[in-house]
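Engineer: Below is the sequence, then the predicted model.
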Amino acid sequence: MNHVYDVIHRRRDVRGQFTGAPIPDEVLARVLSAAHAAPSVGLSQPWDFIVIRDAATRAAFHEHVMHERDVFAATLPDAAPFHKIKIEGVRESTLSIVVTYDPDRGSPAVLGRHAIADAGLYSVCLAIQNLWLAATAEDLGVGWVSFYREPFVQQLLDIPATIRPVAWLCVGPVTHLEQTPDLERHGWRHRTPWQQAVHTDRWTAPTPT
Ligand SMILES: Cc1cc2nc3c(=O)[nH]c(=O)nc-3n(C[C@H](O)[C@H](O)[C@H](O)COP(=O)(O)O)c2cc1C
């Protein structure tokens, strides 16, 4: 039990600490099997995991991410604080894992999804969190990169049009895991106390942050 809480609080989003060292096959298998053990609506297990080692594919994705970084920066009134923040470790990490969502898996009668279509997507996010925590328990770093357009990733990885890429995860050994999130260390945003997220009996207006 202590171990679970320790891993949850040790988990970090990693960009700058990847060493590029290999991941033993049995470690990767444990992490992927933990991801696949996630709960899913109607037991649809709507996820797939594309393990990408190919350097050219990762370089092409990295170039796309850099472009999207510029697109986001152009929306900011003052981009200077953003420019100091590293937002990916695509080339430095050992490998990437793209997690996808197939809404047709187990359909049409997905038990529990008739009223909430997003329940399928929620299931994929739980698989991602399982993967992230298992990787942390294995002393690996994970960095979630979302600076991309879905059609670009679909084309790059031959993903069919009906299947959505949900996350591009950079994975690998790290020098260390920071104790404080990067965005907090750079003064971008700060974590709020958990008590602020808890309401009793009915919704009450959250304190603005
Ligand atoms: C859906 C999702 C997308 C994210 N996309 C990015 C990203 O593109 N680049 C990045 O540097 N971090 C990304 N992150 C990481 C968050 O910035 C990070 O989780 C947050 O700052 C808290 O830090 P921690 O995960 O180390 O606790 C993403 C996280 C999530 C959950």
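Structural biologist: It's in.
Engineer: Straight-line length of stretch 180-192, end to end?
Structural biologist: Stretch 180-192 has an end-to-end distance of 13 Å (criterion: C-alpha to C-alpha, to the nearest Å).
Engineer: what sits up against it?
Structural biologist: 12-13, 15-16, 81-82, 84-86, 178, 209 (C-beta atoms under 8 Å, 6 or more residues apart in numbering). Yep, even glycine has a C-beta here, placed from its N, CA and C like the rest.
Engineer: Could I get the buried residue list for that stretch?
Structural biologist: residue 182 (16 or more other C-beta atoms under 10 Å).
Engineer: Pull the distance from that stretch to the chain's centre.
Structural biologist: Mean C-alpha position of stretch 180-192 versus that of the full chain (C-alpha atoms, centre = their mean, to the nearest Å) differs by 17 Å.
Engineer: Over to stretch 129-145?
Structural biologist: 9 Å.
Engineer: Kindly report the same for stretch 71-78.
Structural biologist: So, by C-alpha atoms, centre = their mean, the centroid of stretch 71-78 is 23 Å from its chain's centroid.
Engineer: State the distance spanning the first to the last residue of that stretch.
Structural biologist: 13 Å.
Engineer: wait, does stretch 180-190 make contact with the ligand?
Structural biologist: Yes. Using C-beta under 6 Å from any ligand atom, stretch 180-190 reaches the ligand at 181, 183.
Engineer: So for that stretch, first residue to last residue, what's the gap.
Structural biologist: 10 Å.
Engineer: what is the mean pLDDT for it?
Structural biologist: Mean pLDDT, stretch 180-190: 96.
Engineer: next one: stretch 51-65
Structural biologist: Rounded mean pLDDT across stretch 51-65 is 98.
Engineer: centre of the chain versus that stretch, how much separation?
Structural biologist: The answer for stretch 51-65 is 16 Å, by C-alpha atoms, centre = their mean.
Engineer: List the buried residues of that stretch.
Structural biologist: For stretch 51-65, burial by neighbour count (16+ other C-beta under 10 Å) applies to 52, 57-58, 61-62, 64-65.
Engineer: related to what we said a few turns ago, now, which of the contacts of stretch 180-192 sits nearest residue 43?
Structural biologist: Of all the contacts of stretch 180-192, the one with the least separation from residue 43 (C-beta to C-beta) is residue 13, at 29.2 Å.
Engineer: Give me the subset of the buried residues of stretch 51-65 lying in strands.
Structural biologist: Among these, the members falling in strands (DSSP state E) are residue 52.
Engineer: Dump the buried residues of stretch 51-65 to TSV, plus distance to residue 122.
Structural biologist: Formatted as TSV, the buried residues of stretch 51-65 follow (distance: C-beta to C-beta, whole Å):
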residue	distance to residue 122
52	25
57	28
58	28
61	25
62	29
64	27
65	25
